[in-house]
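Enquirer: any chance you could fold what I've pasted below:
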Amino acid sequence: MRPVLLALAASLALPIALRAQGGVATGTKAPAAAVETLDGKPASLGSYVGTGPTLIEFWATWCSNCKELEPSMAAAEKKYAGKVRFVTVAVGVNQSVERVKRHAAAHPVPGTLYYDRTGAAADAYDVPATSYIVVLDRTGKVVYTGVGGDQNVDAAVRKGL
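Expert: As a prediction, this is how the structure comes out:
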């Protein structure tokens, strides 16, 4: 009986350890979170939860990892057009909505772009860093999370299909 208890304790401790590193837990339903459009209108990431496969990237104009992800994000958006929705959330750290607008005009980002002025979305998703990607399946369950410029975006998106 002891090995069973040890295995159970280890399996319960794993999600806690993962959460300590940051990021919403895979296998859970994605949270709804308040964001705003670039023209200041309220919006919610909840409108994407349970309505089809969705990739959400937490992004910043100054993020070198986000810049590194741009080609694979663009390729995935093109490959999965009409099958997966792409959402980019500009974090409000060290950037204004005006800076986000200027950057997006010069360097288009995939999908719909929102601004997280208050940090509510970053908090709800327990975002550990910019370049954080969350993939939701059609039911709104988180099937992938990752951070960094070398993520395999195509493989991440396939998990949501």
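Enquirer: how about the strands in the chain?
Expert: Using DSSP state E, the strands found in the chain span residues 34-36, 42-44, 54-59, 85-91, 112-116, 132-136, 142-146.
Enquirer: now the ones you listed as a markdown table including mean pLDDT and mean neighbour count?
Expert: Glycine gets a C-beta too; all of them are placed from N, C-alpha and C. Formatted as a markdown table, these follow (pLDDT from 0 to 100; neighbours: other CB atoms under 10 Å):
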| stretch | mean pLDDT | mean neighbour count |
| --- | --- | --- |
| strand 34-36 | 98 | 20 |
| strand 42-44 | 98 | 13 |
| strand 54-59 | 98 | 26 |
| strand 85-91 | 98 | 24 |
| strand 112-116 | 98 | 22 |
| strand 132-136 | 98 | 26 |
| strand 142-146 | 98 | 20 |
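Enquirer: okay, those in TSV with distance to Ala156 next?
Expert: Below are the strands of the chain laid out as TSV (distance: least, CB to CB, whole Å):
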stretch	distance to Ala156
strand 34-36	21
strand 42-44	23
strand 54-59	7
strand 85-91	12
strand 112-116	18
strand 132-136	5
strand 142-146	4
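Enquirer: those: which one's closest to Glu98?
Expert: With CB to CB as the measure, strand 112-116 is the member of the strands of the chain nearest Glu98 (10.2 Å).
Enquirer: output the contacting helices and strands for the closest one.
Expert: Where contact means 3 or more CB pairs under 8 Å, 6 or more residues apart in numbering; DSSP states H and E, strand 112-116 is packed against strand 34-36, strand 85-91, helix 97-106.
Enquirer: flag the shaky bits of the chain, pLDDT-wise.
Expert: Under the criterion pLDDT under 70, the flagged ranges of the chain are 1-21.
Enquirer: go again with 50.
Expert: Counting by pLDDT under 50, the chain contains low-confidence residues at 1-20.
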